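In: Have a look; sequence and predicted model below, questions after that.
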Amino acid sequence: MHLLSASCVCALLVTALLGQVSGWETVTGLYGETLEIPCNYGTIKAEEVMITKWKYDKGEGLSGDLLVKKRNQSVSISATDEYKGRVSLAANSSLLLSAAKLTDQRTFTCMVVYGTDITELPVIVVIHKMPAGLEISDKAGELEIGKLNKLGTCLAKDANPAANITWLKNNKPLVADGKGVSIQALVLADPDTGLSTTTSTLKYSAEKEDTDAQFTCSVVGTELVSSPVTFSITYSTENVILEVIAQEPLVEGDNVTLKCVADGNPAPTSFIFNLKGEVVKVENTDSYTIMNVSRDTTGEYKCSLVDDPTMEASQDITVKYLDINLSPSGNIVKSAGETFVVNLQIDASGKSKVSWTKDNVKLDKEPQFTKVTYSDSGRYECEVTVGLLSRKASFELSVEGAPIIKHLTKQLGEDGTHKVLICEAEGSPKPAVSWSINGTSLDESPFVNGKITHKITVVPHANLTVSCTVSNEFGVDTKAITVSSLNGEVILTVNKQDSSDDSDQTKLVVGVVVGLLVATIVIGLAYWVYMKKSKQGSWKTGEIENGSSEEEKKLEEKVEENSQKAEV
């Protein structure tokens, strides 16, 4: 039986040596967690496996047993030392290793016995551990432009493998170039845990643009990133700017503030202001305010650094002003026909623009009056502008004078039964209008530009003369017009509008004269016939041819009387 056992052992050793020729598998586990190490049978069927055994490489050619599982039997754990209580067998024959440590980084072998064969399946175990955290320590208080200063140290504790640290500025990696960027890394391993701590120190030459820049460090191949840090960037003043703070436009009476801005960091706290030759030094401020400016404030102003007067800036200040003088102004009273001259004087800091209105209606040009008329009355206003600056002035013109009747006319009403008399007058103040007769439907137009129109309606039953009278405190004016009767015997045409009753009267006179002439002709013809008959009778009777001289005389007197009536 011992011989048989010896032959079996020899067979197992040969088989194990042959199994080592096959490739080895690598498994990565996480520090502190349970690691599953697989036992890959390959083409071996699970029901053919008689024995499954796990062991590990102890080093120096030695191995240690962990556990054995025989078919149809429970697992027998033989682990001692560091693996005692940490190993177990999974249903698929994988080795379960709890609380993984760095010392577990070794070769574990799964030995499988099936039939008369033995196969060994070695697995290499690697344990990884993320750093406990990332932090930037030993930070610089400030960075000076142009100098390679230590910015800080990034620390990645207790990692395996050792963390590879990279630095970033505004999320962009920094690359060491030996000039503006220098990175030095150091790795230290803990003798007890075997975990590594990596420190990375960044030296950096800052620029102005690095003000408010965010610096971080991260571990390559992971998403682990430190909290960002910022630094104060210090640099000497290279430029000075003089700012003028004032409302626009800057006019007399306003305040203006001069601000001297220097680009150094830290910023200068003292400045010198040159106020058109007057030098003023200010401390713990960068501003100077000029109160209640005037047109004399206009000029060049400068500011400079106290410790470096050559570092200087300048700015021109212009105080806008606009003075206007309108002559005359206020309430102006003129008599109709007088000359009225308007004079506008302008004193401004720039080119001015003038516009005029009369009673809020825009005029094309400045008003000038050779002889004022009633229509010139009104409120005149001028507006003068220089940029955004504006001034206004005005006068109220009143033209006064005695009223004058411009037109006195008449017209026949639309229905032909009445006449409308129209009196148009000018004057100021508003004249009162009166008529010499009473009428109806009185109508008065608004009094505009010294003009007024007054209408009355009359129904004349006889020819008459009507007068219109206008008056105010300066005088009176009267005009008369003849109005004919509306009777049908007198007016020849009623339906036709009566444009002038003078033509109606003329027609009447002509008719009377024509009638008298016709009567005269008739009487003369009758006399001639009578005389002819008288002569014929004398020839018949034998009486004296000349007849009675007394009768002839009476006839001549009658004809002459009728002729005179006709002439009248």
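Out: Thanks, I have it.
In: what helix or strand does Val433 sit in?
Out: Counting by DSSP states H and E, the element that carries Val433 is strand 432-435.
In: pLDDT wise, what is Lys565 at?
Out: Residue-level confidence at Lys565 comes out at 39, pLDDT.
In: shift numbering so it begins at 36
Out: Sure thing, new numbering starts at 36, so read that last one as Lys600.
In: tell me the domain boundaries of the protein?
Out: Segmentation of the chain into domains, based on automatic domain parsing, reads 37-163, 169-269, 275-352, 357-433, 436-536, 541-602.
In: mind giving me TSV with these and columns for mean neighbour count?
Out: For every residue, glycine as well, the C-beta is placed using N, CA and C. Listed next are the domains of the chain as TSV, based on neighbours: other Cβ atoms under 10 Å:
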stretch	mean neighbour count
domain 37-163	15
domain 169-269	16
domain 275-352	15
domain 357-433	14
domain 436-536	16
domain 541-602	12
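In: What's opposite Glu459 in the beta bridge?
Out: Beta bridges link Glu459 to His442, Thr488, judged by DSSP bridges.
In: Report the contact partners of it.
Out: Ile440, Lys441, His442, Leu443, Thr444, Lys486, Ile487, Thr488, His489 (Cβ atoms under 8 Å, 6 or more residues apart in numbering).
In: And the host helix or strand of the fifth one, what does it pack against?
Out: Meaning Thr444. Thr444 belongs to strand 424-447 when assigned by DSSP H and E. In this structure, strand 424-447 packs against strand 357-362, strand 365-370, strand 413-421, strand 454-463, strand 499-507, strand 510-518, with contacts taken as 3 or more Cβ pairs under 8 Å, 6 or more residues apart in numbering; DSSP states H and E.
In: on contacts alone, who are the packing partners of the helix or strand Ser253 falls within?
Out: Element membership for Ser253 (DSSP H and E) is strand 250-254. Secondary-structure packing of strand 250-254 (3+ Cβ pairs under 8 Å, 6+ apart): strand 169-172, strand 183-194, strand 200-204, strand 231-240.
In: any idea how far the closest residue to Gly181 other than its chain neighbours is from Pro464?
Out: Leaving aside its sequence neighbours, Gly181 sits nearest to Ser240 (Cβ to Cβ, 6 or more residues apart in numbering; 6.4 Å). In this view, Ser240 and Pro464 are 92 Å apart by Cβ to Cβ, to the nearest Å.
In: circling back to that earlier point, turn the helices and strands packed on strand 424-447 into a markdown table, including mean pLDDT and distance to Glu313.
Out: Formatted as a markdown table, those follow (pLDDT from 0 to 100; distance: least, Cβ to Cβ, whole Å):
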| stretch | mean pLDDT | distance to Glu313 |
| --- | --- | --- |
| strand 357-362 | 93 | 27 |
| strand 365-370 | 91 | 43 |
| strand 413-421 | 93 | 28 |
| strand 454-463 | 91 | 61 |
| strand 499-507 | 91 | 67 |
| strand 510-518 | 92 | 69 |
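In: ok, now which ones touch the residue nearest to Gly181?
Out: Ser240 makes contact with Ile180, Gly181, Lys182, Leu183, Asn184, Lys214, Gly215, Val216, according to Cβ under 8 Å, 6+ apart.
In: just curious, which of these is nearest to Asp247?
Out: Of all the contacts of Ser240, Asp247 sits closest to Ile180, with 14.4 Å by Cβ to Cβ.
In: Show the contacting residues for the residue lying closest to that closest one once chain neighbours are set aside.
Out: Sequence neighbours aside, Tyr270 is the residue nearest to Ile180 in space, at 4.0 Å (criterion: Cβ to Cβ, 6+ apart). Each residue near Tyr270 by Cβ under 8 Å, 6+ apart is listed here: Glu179, Ile180, Gly181, Lys243, Gly299, Asn300.
In: what do you get if the cut-off is 7 Å, keeping everything else the same?
Out: Tyr270 sits next to Ile180, Lys243, Gly299, Asn300 when contact means Cβ atoms under 7 Å, 6 or more residues apart in numbering.
In: where's it relative to Pro402, distance?
Out: Remark: distance between Tyr270 and Pro402 (Cβ to Cβ) = 66 Å.
In: What of Ser362?
Out: Ser362 is 13 Å from Pro402, by Cβ to Cβ.
In: Kindly report the same for Leu237.
Out: To Pro402, Leu237 is 81 Å away according to Cβ to Cβ.
In: same check, this time on Pro284
Out: Distance from Pro284 to Pro402, by Cβ to Cβ: 29 Å.
In: on that earlier part again, for the helices and strands packed on strand 424-447, which one sits closest to Gln350?
Out: Here strand 413-421 is closest among the helices and strands packed on strand 424-447 (Cβ to Cβ), at 21.4 Å.
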